[in-house]
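Asker: Everything below, folded, please.
(one chain, ligands or ions: 1)
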Amino acid sequence: MVVLKTPLSTYDKGMIIEFVPQRITGVFNFVNGLIFLALDDFLETHKGAGAWSEAIDSVGLEQQSFEPEYFYPDQVAADLFVAVAKKLEMPLSEMLEKFGRHLVPGLVKMGHHMGLVKKSWRTIDILEHLQEPILSSFSNIDEGILAPEIRVYRLKHSEVAIAYVSKRKLCHLLKGIVMGMGEYFSEPIMFKERVCMHKGNGPLCRLTVYLDDPNMVHYVDINREFKIVHSRIEELNFYNQFSGIPINHPGLVLQFGTNEVVIQAPREQLVAMKEEGKTYISVNHLPIGLKAMVKEVEVKGGYATLHDFHMTNGAVGQRCYKRVEPKKRFAITINIAGTDYKGEVHNISGGGVKISLHESVHLNETFLFMSVSLAFSLPLKWVQKGDTMELGPQKLSLEGNILDITEDEKERTARIMFTTLTGHNLFLMDQYYQRYLEDAQPLIHEKMRKI
Ligand code: HEM
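Answerer: Here you go, the predicted structure:
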């Protein structure tokens with residue numbers, strides 16, 4: 001763990017003055033000294049001994065050495081990046097990418113040494129844990145040193161989405177590190193840049209990083225996905241056919257390992273599984289369905305062992321949550337880092353919620369992938385609880401992540417994916433859906449009759 005030593009030294013037009021630590025909130029003003037040590041190494045690897053001193057002299061800095069336990073003003077880093085790019089005779093963007101690649105072996109080693117990066121992690125895993133615990137370990141809130149915010153959202157085993165909102169605008173460094181990680185672990189890492197702060201001067205970069213490997217695209221990390229299902233005591237939905245008739249029932253996970261999952265399902269479903277030798281599954285927290293082969297079925301015991309899981313692209317696999325679009329939108333409060341924002345529920349499912357934001361709410365795309373807390377009352381007239389009924393709306397408090405914020409001429413909406421959903425919350429959502437169906441079904445039938 002890096003320990004911040006005080007006082008910090010600060011830099012003012014080439015002079016080193018003592019800096020009395022102060023609380024800095026929301027602004028990145030200081031860079032960890034490690035960056036300078038690595039930049040020194042990078043430049044001298046390419047240009048030989050003495051190049052670093054020359055770069056330092058060229059920006060008029062008196063300070064010649066940097067220490068990993070200290071933090072230095074952003075401007076020092078910005079000036080030195082430009083000076084190093086000049087020395088290497090390449091554009092700043094290219095230098096930062098190359099520097100990123102150069103950093104990787106050292107970062108991985110340091111991450112292992114500090115216990116921040118598990119030995120089994122590869123590029124996508126490291127990215128998933130970049131903010132917490134990796135970068136957050138280099139912050140010191142008491143001293144006002146905040147880690148850069150690189151928000152990462154794991155979409156599936158082989159893919160993450162990244163929002164980089166830093167005022168330092170070092171996205172080329174980020175891309176260099178990402179590609180360098182791929183090389184380091186011999187993985188076919190690729191990225192797609194959706195939005196870049198350097199094109200159009202926007203406030204953020206948004207990219208997806210993925211493993212460009214057809215096998216990996218459909219790979220299911222059984223242990224990871226079924227741990228989530230199991231811990232939430234969540235139901236799965238199975239889809240089979242029997243003599244051409246669709247059979248679709250919910251079931252539960254009884255046991256899971258790295259290769260196999262034992263599930264419990266109604267007799268009819270198990271018989272259909274046995275007959276087909278495979279089954280399609282929808283899992284609440286996954287946006288895509290799964291296909292599994294049936295290893296063994298114990299119809300009498302009420303369970304089956306499934307293996308050989310893959311993500312599907314087929315119609316059954318492209319599962320949808322049971323989504324409710326309330327006739328009358330209801331109020332919801334989003335809390336982000338202690339601030340409340342008001343909105344109304346546009347639609348809601350067991351996976352997430354779409355919210356239309358009040359005009360006065362200043363949420364924009366820079367809030368992407370941020371963790372949020374949500375509070376609302378689900379407008380249920382009654383809820384079935386065992387043999388009893390509970391009357392009235394049900395209060396829910398959930399956690400989630402902002403997936404996107406979009407605006408059209410009519411309104412601004414935020415889509416939020418739920419992260420933690422207890423069995424009870426799922427049950428309430430299901431009850432809400434059932435009531436919705438009861439109301440909506442006659443209308444749907446009427447509509448279908450007319451087609
Ligand atoms: C794929 C993995 C990684 C990526 C893409 C990445 C990317 C970045 C980027 C873009 C920055 C500059 C952010 C800014 O200032 O705006 C940064 C800073 C930093 N990173 Fe990483 N990084 C990765 C892994 C690691 C690891 C494994 C470690 C160490 C265990 C690490 C330690 C640091 C430190 C110490 C800083 C400077 C923080 C500061 O001074 O505020 N990074 N990283």
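
Asker: In terms of secondary structure, what does the longest strand anywhere in the chain contact?
Answerer: Secondary structure assigned by DSSP state E gives strand 394-407 as the longest strand of the chain. If you count contacts as 3 or more CB pairs under 8 Å, 6 or more residues apart in numbering; DSSP states H and E, strand 394-407 packs onto strand 352-357, strand 371-378, strand 412-420, helix 423-450. For the C-beta atoms, the positions are set from N, CA and C on the backbone; glycine is no exception.

Asker: what's the most buried one of the ones you listed?
Answerer: Each of those was assessed for mean neighbour count using mean count of other CB atoms under 10 Å. The highest is strand 352-357, with a mean of 22.

Asker: So which residues on the stretch 51-200 of the chain come close to the ligand?
Answerer: With CB under 6 Å from any ligand atom as the criterion, the stretch 51-200 of the chain comes near the ligand at residues 107, 110-111, 114, 116-117, 126-127, 130, 134-135, 138, 147-148, 150, 166, 168, 170, 173-174, 177-178, 181.

Asker: again, only using 5 Å
Answerer: Contact residues of the stretch 51-200 of the chain with respect to the ligand, defined by CB under 5 Å from any ligand atom, are listed as 107, 110-111, 116, 126-127, 134, 138, 148, 166, 168, 170, 173-174, 177, 181.

Asker: So which of the helices and strands packed on strand 394-407 is nearest the ligand?
Answerer: Closest approach to the ligand among the helices and strands packed on strand 394-407 is made by strand 371-378 (19.1 Å; CB to the nearest ligand atom).

Asker: what is the orientation angle of the closest one with strand 394-407?
Answerer: 120 degrees (axes from the mean of the first three to the mean of the last three CA atoms, to 10 degrees).

Asker: what's in contact with strand 371-378?
Answerer: Strand 371-378 is contacted from outside by 330-336, 345, 353, 393-402, 416, 419, 428-429, 432, using CB atoms under 8 Å, 6 or more residues apart in numbering.

Asker: do stretch 220-233 as well
Answerer: Contacts made with stretch 220-233 from outside it, assessed by CB under 8 Å, 6+ apart, are listed as 157, 234, 236, 252-253, 256-261, 283-286, 290, 309-311, 421-423, 426.

Asker: Which among the residues of the stretch 51-200 of the chain next to the ligand count as buried?
Answerer: Neighbour counting over these (16 or more other CB atoms under 10 Å) leaves 107, 110-111, 116, 126-127, 134, 138, 148, 166, 170, 173-174, 177, 181 as the buried ones.

Asker: Inside helices: which ones of these?
Answerer: With helices identified by DSSP state H, the entries of those that belong to them are 107, 110-111, 126-127, 173-174, 177, 181.

Asker: Output those residues in a markdown table; the columns should cover pLDDT.
Answerer: Output for those, formatted as a markdown table (pLDDT from 0 to 100):
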| residue | pLDDT |
| --- | --- |
| 107 | 97 |
| 110 | 96 |
| 111 | 96 |
| 126 | 97 |
| 127 | 97 |
| 173 | 97 |
| 174 | 97 |
| 177 | 98 |
| 181 | 98 |
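
Asker: per-domain residue ranges of this protein.
Answerer: Domain assignment of the chain by automatic domain parsing yields the ranges 8-217, 222-311, 331-447.

Asker: Kindly reformat those as CSV containing distance to residue 323.
Answerer: Compiled in CSV, the domains of the chain are given as follows (distance: least, CB to CB, whole Å):
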stretch, distance to residue 323
domain 8-217, 19
domain 222-311, 12
domain 331-447, 4
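
Asker: residue ranges for the helices of this protein, please.
Answerer: Per DSSP H, the chain carries helices over the ranges 34-47, 51-58, 74-87, 92-113, 123-128, 171-184, 214-217, 222-231, 267-276, 423-450.

Asker: Could you verify my assumption that residue 419 touches residue 401?
Answerer: Yes - with the criterion set as CB atoms under 8 Å, residue 419 and residue 401 qualify as a contacting pair; they are 6.0 Å apart.

Asker: need the contact list for the residue in the stretch 251-400 of the chain that the ligand sits nearest to.
Answerer: For the stretch 251-400 of the chain and the ligand, the shortest gap (CB to the nearest ligand atom) falls at residue 366, measuring 13.5 Å. Residue 366 makes contact with 163, 165, 203-204, according to CB under 8 Å, 6+ apart.

Asker: For the residues you listed, point out the one with the lowest pLDDT.
Answerer: Lowest in pLDDT among these is residue 203, which has 80.

Asker: what about residue 390, neighbour count?
Answerer: Around residue 390 sit 11 other residues, with neighbours defined as other CB atoms under 10 Å.

Asker: Quick check: the nearest residue to it once chain neighbours are set aside vs residue 324, distance?
Answerer: Spatial nearest neighbour of residue 390, excluding adjacent residues (CB to CB, 6 or more residues apart in numbering): residue 383 at 4.7 Å. From residue 383 over to residue 324 the distance is 15 Å, taken as CB to CB, to the nearest Å.

Asker: Would you point out the most distant pair within the contacts of residue 366?
Answerer: For the contacts of residue 366, the farthest-apart pair by CB to CB is 163 and 203; their separation is 10.1 Å.

Asker: With neighbour numbers in mind, choose between these two.
Answerer: For the pair residue 163 and residue 203, the greater number of neighbours falls to residue 163 (22 against 12), based on other CB under 10 Å.

Asker: my guess is that one meets residue 369, correct?
Answerer: Yes - with contacts counted by CB under 8 Å, residue 163 reaches residue 369, the gap being 4.9 Å.

Asker: which neighbours do the two share?
Answerer: Taking CB under 8 Å, 6+ apart as the criterion, residue 163 and residue 369 both touch 151, 153.

Asker: What pLDDT is listed against residue 51?
Answerer: We have a pLDDT of 95 for residue 51.

Asker: got the CA coordinates for stretch 252-268 in PDB?
Answerer: Extracted as PDB, the C-alpha positions of stretch 252-268 are listed here (Å, rounded to 0.1, in the frame of the first residue of the first chain):
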ATOM      1  CA  LEU A 252     -33.900 -23.600  -8.900                       C
ATOM      2  CA  VAL A 253     -30.100 -24.200  -8.600                       C
ATOM      3  CA  LEU A 254     -29.300 -26.900  -6.100                       C
ATOM      4  CA  GLN A 255     -25.500 -27.200  -6.600                       C
ATOM      5  CA  PHE A 256     -22.900 -25.800  -8.900                       C
ATOM      6  CA  GLY A 257     -19.200 -26.400  -9.600                       C
ATOM      7  CA  THR A 258     -16.900 -25.200 -12.300                       C
ATOM      8  CA  ASN A 259     -18.300 -27.500 -15.000                       C
ATOM      9  CA  GLU A 260     -21.700 -28.700 -13.800                       C
ATOM     10  CA  VAL A 261     -24.900 -27.400 -12.300                       C
ATOM     11  CA  VAL A 262     -27.600 -29.400 -10.600                       C
ATOM     12  CA  ILE A 263     -31.000 -27.900 -11.000                       C
ATOM     13  CA  GLN A 264     -34.500 -28.700  -9.600                       C
ATOM     14  CA  ALA A 265     -37.400 -28.400 -12.000                       C
ATOM     15  CA  PRO A 266     -41.000 -29.700 -12.400                       C
ATOM     16  CA  ARG A 267     -41.500 -33.200 -13.700                       C
ATOM     17  CA  GLU A 268     -42.800 -32.100 -17.100                       C
END
